[in-house]
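Q: with the sequence up front, the predicted model follows.
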Amino acid sequence: MLRTSRAIAALIFAAALGLPSRARAQEPVAPPPSPPPTSPARPTLELSLDELVKRALENNNDIAVEKYNPELSEENIRLYRGYYDPLLGSTISQLEQTSPVTSAFAGAQNAVDTNTTTYNFSASQLLRTGGSARVDFTNNRGSTNSVFNTFNPSYNSGLNARLTQPFLRNFRIDSNRLQLTVAKRNREISDVQFQQIVTNTVATVKDRYYDLLYAIDNLQAQRQSLLLAQKLLDENQIRVKVGTMAPLDVVAAQSEVASREEGVIVAEAALLDAEDAIKSAIFPTNDPAVWALRIVPTDHPTAEPVVVDVEAATRKALEARTDVVAARKGLENAETTVKYASNQRLPDVSLIAAYGTNGVGGTIIQRNGFGGPIVGTVPGGYNDALSSVFGRDFPTWTVGVNFSYPLFNRQADATAARARISREQTQTSLRRLEMQVASEVRSAGRALETNYKRVESTRAARVLAEQRLDAEQKKFAAGMSTNFAVTQAQRDLALAAVSELRSVADYRKSQVNFDRVQMAGGGVAFATSAASVITTSPISTTGTGSPTPTP
């Protein structure tokens, strides 16, 4: 009687839907999703975790871009070292001049013709003590038709050296040495930043490897869940045919199959995204053949417990982590800037020392009286001038001190004050960074411990869900359970399986992050609390009243 009432109720419900009961019961099941692009027919690339890291170090574009910065910093050092390169100079010229006679003392009747050849040489250099040195070697040869010249042609030579050395301002440090010192430290900072990029890239590709493992396992779990739902639907259809189940139960099973198919579709897309993330990290160019590859991970690490020493990890991070090292280098630059700015407040007291010697040579013209006719000549030449120069026949000495100091000196005082404030700000920023690093390391250590506990918890939940499903299926086969209870047990098992897979992936990634935070900053911190359980492939529910996990 009860069975007849249930059949009548099912017929009424089917009629209300506008469909025959038999047609609804025998409605074909939605076709399974088309084979995903991850089909084994695609070309494959098998990768272990070590091979993935090696490829990333060789081909990653982030590393390729960053590696130019140390080279640029090295060229900056060369640029500032160039301030101290010796500067050589020379002047070679020929002058021919004709001047009108405007005085009886011009020495010519109509015009004075003068020919002068000049060949001067010089060398100068900035000194690393803040001073400068210069040497000039001057030479010229002149000839004229003026009767008043004793030497014709005449040779004049001179050798002059000059040294300027400050003793207060710019003595211990000047702008050139400041820039060179800062450039050297910036070179060290660029090396540290390159190391940071490498460390973070390695951590990132490891995370993506574990994401790919999770995506593969998650897809398998979603397909297994779909198979369970499909199996229940097939069994229900058989029961409807033999008259032991109402057609309405088949509709519910069909709805569940459709929901599980959605989970498979989403999991397939997540797998493709995980593959593309790895490809973008290990291949340098955009190649269609690369995107067509199927990445097959060959390593399947287990979720084994590890010892977490947070205090030791914190000390290690504060001592050698890249962002901390770079910040300390920046503080050293700030200290150097303060030193330079303080030095610029001092008076400018410079020693000036110069020495020179001159010589003259050439053919001596002997005349009868002042401007009279030539009565004799004494041969000579350029060697006579050089002999006088290097024989120090006509020396010149100069020693002096230059002093200058601006009244009030407000510009230098303000610059020094700004430098001190900037240094204090940098010190405060370093202390803030050290607190952030310590907090990040401690958080990463807790996340590692928490995620291992999640692995154990979700594993136990998945085992219990399997046992519950097995019990519900046996009860359902004996007529002691309902279609809804079996469907709910299947869904709970699928949720438990996905949660376990996610917790294992999170645990592996938290291991990577715990190692990373001790070595490098600037990465994306990975920490999952015990209260947050992430599922990247949602398992929806339809008409069952149970919650739907969302990413």
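A: Alright, I've got the coordinates. In this text, all values refer to a predicted model and were calculated from it rather than measured experimentally. Numbers count the residues shown, from 1 in each chain.
Q: helices along the chain, start to end?
A: Taking DSSP state H as the criterion, the chain carries its helices at 2-16, 21-25, 49-59, 61-66, 68-81, 175-241, 247-282, 288-291, 310-320, 322-343, 382-390, 410-477, 483-517.
Q: what's the least confident stretch among those?
A: Note on the helices of the chain: lowest mean pLDDT is at helix 21-25, with a mean of 32.
Q: redo the helices of the chain as JSON lines? Include mean neighbour count.
A: Using the backbone N, CA and C atoms, a C-beta is placed for each residue, glycine as well. JSON lines is the format used below for the helices of the chain (neighbours: other C-beta atoms under 10 Å):
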{"stretch": "helix 2-16", "mean neighbour count": "12"}
{"stretch": "helix 21-25", "mean neighbour count": "16"}
{"stretch": "helix 49-59", "mean neighbour count": "16"}
{"stretch": "helix 61-66", "mean neighbour count": "14"}
{"stretch": "helix 68-81", "mean neighbour count": "14"}
{"stretch": "helix 175-241", "mean neighbour count": "20"}
{"stretch": "helix 247-282", "mean neighbour count": "20"}
{"stretch": "helix 288-291", "mean neighbour count": "11"}
{"stretch": "helix 310-320", "mean neighbour count": "15"}
{"stretch": "helix 322-343", "mean neighbour count": "19"}
{"stretch": "helix 382-390", "mean neighbour count": "17"}
{"stretch": "helix 410-477", "mean neighbour count": "16"}
{"stretch": "helix 483-517", "mean neighbour count": "23"}
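Q: out of the ones you listed, nearest to residue 113?
A: Closest approach to residue 113 among those is made by helix 382-390 (21.1 Å; C-beta to C-beta).
Q: now for that closest one, which elements pack on it?
A: If you count contacts as 3 or more C-beta pairs under 8 Å, 6 or more residues apart in numbering; DSSP states H and E, helix 382-390 packs onto strand 132-144, strand 151-166, strand 348-367.
Q: switch the cut-off to 6 Å
A: strand 151-166, strand 348-367 (3 or more C-beta pairs under 6 Å, 6 or more residues apart in numbering; DSSP states H and E).
Q: same list (these) but as JSON lines, adding mean pLDDT.
A: Formatted as JSON lines, those follow (pLDDT from 0 to 100):
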{"stretch": "strand 151-166", "mean pLDDT": "91"}
{"stretch": "strand 348-367", "mean pLDDT": "87"}
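Q: between those strands, which one is nearest to residue 70?
A: That would be strand 151-166 among the helices and strands packed on helix 382-390, by C-beta to C-beta, at 34.3 Å.
Q: given that closest one, what are its sheet partners and their directions?
A: If you go by DSSP bridges, strand 151-166 pairs up with strand 132-144 (antiparallel), strand 348-367 (antiparallel).
Q: how about those in a markdown table, adding mean neighbour count and distance to residue 513?
A: Below are those laid out as a markdown table (neighbours: other C-beta atoms under 10 Å; distance: least, C-beta to C-beta, whole Å):
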| stretch | mean neighbour count | distance to residue 513 |
| --- | --- | --- |
| strand 132-144 | 17 | 55 |
| strand 348-367 | 17 | 55 |
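Q: out of these, flag the one nearest residue 509.
A: Among those, the nearest to residue 509 by C-beta to C-beta is strand 132-144 (59.9 Å).
Q: how far off helix 382-390 does the closest one point, in degrees?
A: Interaxial angle of strand 132-144 relative to helix 382-390 (axes from the mean of the first three to the mean of the last three C-alpha atoms, to 10 degrees): 150 degrees.
Q: now strand 132-144, how far from the chain's geometric center?
A: Centroid separation between strand 132-144 and its chain, computed with C-alpha atoms, centre = their mean, to the nearest Å, is 54 Å.
Q: now do stretch 317-324
A: Computed by C-alpha atoms, centre = their mean, the separation of stretch 317-324 from the middle of its chain amounts to 16 Å.
Q: for stretch 341-355, same thing?
A: On C-alpha atoms, centre = their mean, the centre of stretch 341-355 falls 42 Å from the chain's centre.
Q: residues in contact with that stretch?
A: By C-beta atoms under 6 Å, 6 or more residues apart in numbering, the residues outside stretch 341-355 that reach it are 161-169, 173, 397-405, 412, 415-416, 419.
Q: including distance to residue 304, could the helices of the chain go into CSV?
A: Rendered in CSV, the data for these read as follows (distance: least, C-beta to C-beta, whole Å):
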stretch, distance to residue 304
helix 2-16, 53
helix 21-25, 51
helix 49-59, 15
helix 61-66, 30
helix 68-81, 38
helix 175-241, 14
helix 247-282, 23
helix 288-291, 34
helix 310-320, 19
helix 322-343, 28
helix 382-390, 85
helix 410-477, 9
helix 483-517, 9
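Q: so which of those is nearest residue 99?
A: helix 382-390 (24.9 Å).
Q: residue 142 - nearest residue in space that isn't next to it in sequence?
A: residue 116 (4.6 Å; C-beta to C-beta, 6 or more residues apart in numbering).
Q: the one you found against residue 95, yeah?
A: Yes. Contact criterion C-beta atoms under 6 Å: residue 116 and residue 95 qualify, at 4.2 Å.
Q: between the two, which has more neighbouring residues?
A: Per other C-beta atoms under 10 Å, whichever of residue 116 and residue 95 has more neighbours is residue 116, with 17 against 11.
Q: before we move on, the earlier item: buried among the contacts of stretch 341-355? Make that a PyMOL selection.
A: In PyMOL, this line selects whichever of the contacts of stretch 341-355 come out buried by 16 or more other C-beta atoms under 10 Å:
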select buried, resi 162+163+164+165+166+167+168+169+173+412+415+416+419
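Q: dump the strands paired with strand 151-166 into JSON lines; add distance to residue 262 as well.
A: Output for these, formatted as JSON lines (distance: least, C-beta to C-beta, whole Å):
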{"stretch": "strand 132-144", "distance to residue 262": "79"}
{"stretch": "strand 348-367", "distance to residue 262": "80"}
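Q: nearest to residue 78, of those strands?
A: Closest among the strands paired with strand 151-166, using C-beta to C-beta: strand 132-144, at 21.0 Å.
Q: what is the mean pLDDT for the closest one?
A: 92.
Q: which residues sit against it?
A: Counting by C-beta under 6 Å, 6+ apart, 114-126, 152-164 sit against strand 132-144.
Q: if we use 7 Å, what do you get?
A: With contact meaning C-beta atoms under 7 Å, 6 or more residues apart in numbering, strand 132-144 is reached by 112-127, 152-164.
Q: still on that earlier bit, turn the helices and strands packed on helix 382-390 into TSV, including distance to residue 68.
A: Rendered in TSV, the data for the helices and strands packed on helix 382-390 read as follows (distance: least, C-beta to C-beta, whole Å):
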stretch	distance to residue 68
strand 151-166	38
strand 348-367	41
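Q: relative to residue 387, which of those strands is closest?
A: Closest among those, once you apply C-beta to C-beta, is strand 348-367, at 6.7 Å.
Q: can I get that closest one as PDB, trimmed to CA atoms?
A: Taking C-alpha atoms only, strand 348-367 is exported to PDB below (Å, rounded to 0.1, in the frame of the first residue of the first chain):
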ATOM      1  CA  ASP A 348      87.500  76.000   3.100                       C
ATOM      2  CA  VAL A 349      91.300  76.200   3.900                       C
ATOM      3  CA  SER A 350      93.500  75.100   1.100                       C
ATOM      4  CA  LEU A 351      97.200  75.000   0.600                       C
ATOM      5  CA  ILE A 352      98.500  76.300  -2.700                       C
ATOM      6  CA  ALA A 353     102.000  75.400  -3.900                       C
ATOM      7  CA  ALA A 354     103.400  76.200  -7.300                       C
ATOM      8  CA  TYR A 355     106.800  76.000  -8.900                       C
ATOM      9  CA  GLY A 356     107.800  77.200 -12.400                       C
ATOM     10  CA  THR A 357     110.900  77.800 -14.500                       C
ATOM     11  CA  ASN A 358     111.300  79.500 -17.800                       C
ATOM     12  CA  GLY A 359     113.900  79.700 -20.500                       C
ATOM     13  CA  VAL A 360     114.600  81.500 -23.700                       C
ATOM     14  CA  GLY A 361     116.800  80.700 -26.700                       C
ATOM     15  CA  GLY A 362     117.400  81.500 -30.300                       C
ATOM     16  CA  THR A 363     119.700  83.400 -32.600                       C
ATOM     17  CA  ILE A 364     121.000  86.600 -30.900                       C
ATOM     18  CA  ILE A 365     121.100  89.700 -33.200                       C
ATOM     19  CA  GLN A 366     123.900  92.200 -32.500                       C
ATOM     20  CA  ARG A 367     123.400  95.700 -33.800                       C
END
